[in-house]
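>>> I'd like to go over a predicted model; first the sequence, then the structure.
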Amino acid sequence: MKRRFNLLPIILFALAFLLINAYVLSGLSTIFHQSWLAPVFWLAVIGLSVALFFAITKMRRSGMNKFFQIISHAFLILLGSELVFAIFLIIGDLYRLILTVNSNFTSAGFHWVARNNYWVDFSLFMFAITLALFAYGITLGKYAYRVIKHTLFFDDLPVSFDGFTITQISDVHAGSFTNPVAVQKGIDMINAQKSDLFVFTGDLVNNAASEIKPYLGHFSQIKAPYGQFSILGNHDYGDYIKWPTEADKVQNLQQLKEYHKDLGFKLLLDEHVELIKNGEKIILAGIENWGIGFGERGDLEKALRNTNVNDFKVLLSHDPSHWDAQVKQFPSKIQLTLAGHTHGMQFGIEAFGIKWSLVKYRYKHWAGIKTENNRYLNINRGFGFLGFSGRIGIWPEITVIELKRKTENN
């Protein structure tokens, strides 16, 4: 049966978009007294909206294309900047309303207090700042790699692994890259950490295995003394595009697994390995993607089969919802879980003690270290980007974790 298309959300969004633009135009008209302003403004807004409609129509028929990316990003940048302008403008108008009400208590006739032009100018300034942030995020921010270091302490860490270091990246999404030189900069930063172990926690591509092929030479440069290990993320299975046949989809996944080998990554598929140092060991396990709403493929019990309760375990699991659902209460203690998936939504604020992103309304903990039940979770913010071709405030991350044995002194 053909799925019924629901027009209501589109109509509501269109009405909200028109109201926002009408309000923004009212603010611009306060400081720009030009007869041509309104027709030019609406011509630009309607023109961009029509272009977006055709871009979406073309994308639905033939898949992602450059035209859609350009138009959708232009629309997103305009809408985001207008929202900032409108938020500051409405703060000024609310204050103006208060002044109007107060003044009419003491006067015989009703009259509106005029808008403060300086506040409108400031709102326009914030609009310009937002445009500049988007421009930076799209051009440079998406490749502005950051190294984030954590030192974690454990009572039960084998003595030989005291000071052992792990470099983690996640969510490469190779199909989104457009600048191989910038990507190489990130690879050089990974190798510069000289960690004992390298792990990749899923989403090597957006959809097709072929996306990583141009970057095999880049990521195959990553080396660590105790090896390079990887897992699959939800995008790696090819679930988000239509394949000619089911066999093509299966072949794509098989090809992706081969590319992991070409990169020098040992792909862990519901399995584990033992890392040995001076006769002592830690367990490194990896599962297939397990995420609420994103496919619950992984089998944790299978991955840890033939391990002991007292073994020190590090788990690679792409989606952090798996940690909340299973890992943090798993009978066999998993001391450290490394995840990704959220990207921090590639947009947010992490400065001046503020940590906020829209993704927090989907994942309560969406980046960095979390501890509960004497177990740790680290969520990497992602190495690449997807959807929005940029990053603002949530920069691409290379995580370095040092494992330390807890003593009386720490």
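Great, that's in hand. Numbers count the residues shown, from 1 in each chain.

>>> Only C-alpha atoms from now on, for both contacts and neighbour counts.
Fine.

>>> Helices of the stretch 51-200 of the chain, residue ranges please.
66-105, 117-139, 180-192 (DSSP state H, counting those that start in this stretch).

>>> and what of the stretch 301-410 of the chain?
Under the criterion DSSP H, counting those that start in this stretch, the stretch 301-410 of the chain carries helices at the ranges 321-325.

>>> Where does pLDDT dip in it?
Residue ranges of the stretch 301-410 of the chain with pLDDT under 70: 410.

>>> Now do the strands for it: every range, in order, please.
Along the stretch 301-410 of the chain, counting by DSSP state E, counting those that start in this stretch, strands occupy 313-316, 336-339, 348-351, 354-357, 368-372, 375-379, 397-405.

>>> Name the helix or strand for residue 10, please.
Assessed by DSSP states H and E, residue 10 sits inside helix 8-31.

>>> residues of that helix that come out buried?
For helix 8-31, burial by neighbour count (16 or more other Cα atoms under 10 Å) applies to 17, 20, 21, 23, 24, 25, 27, 28.

>>> mind putting the helices of the stretch 51-200 of the chain in CSV, distance to residue 224 included?
Below are the helices of the stretch 51-200 of the chain laid out as CSV (distance: least, Cα to Cα, whole Å):
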stretch, distance to residue 224
helix 66-105, 37
helix 117-139, 31
helix 180-192, 8
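
>>> between the ones you listed, which gets the lowest average pLDDT?
Lowest mean pLDDT within the helices of the stretch 51-200 of the chain: helix 66-105, at a mean of 88.

>>> between that helix and helix 117-139, how big is the angle?
Interaxial angle, helix 66-105 versus helix 117-139 (axes from the mean of the first three to the mean of the last three Cα atoms, to 10 degrees): 160 degrees.

>>> quick check, distance from helix 66-105 to the centre of its chain.
26 Å (Cα atoms, centre = their mean, to the nearest Å).

>>> closest one to residue 395 among the helices of the stretch 51-200 of the chain?
Smallest distance to residue 395 across the helices of the stretch 51-200 of the chain (Cα to Cα): 9.0 Å, for helix 117-139.

>>> Go ahead and confirm residue 382 touches residue 173.
No - at 9.0 Å, residue 382 does not count as touching residue 173 under the criterion of Cα atoms under 8 Å.

>>> So which of these two has more stuff around it?
residue 382 (32 against 22; other Cα atoms under 10 Å).

>>> For the more buried one, give me its contacts.
By Cα atoms under 8 Å, 6 or more residues apart in numbering, the residues touching residue 382 are 169, 170, 171, 172, 340, 341, 342, 343, 344, 396, 397, 398.
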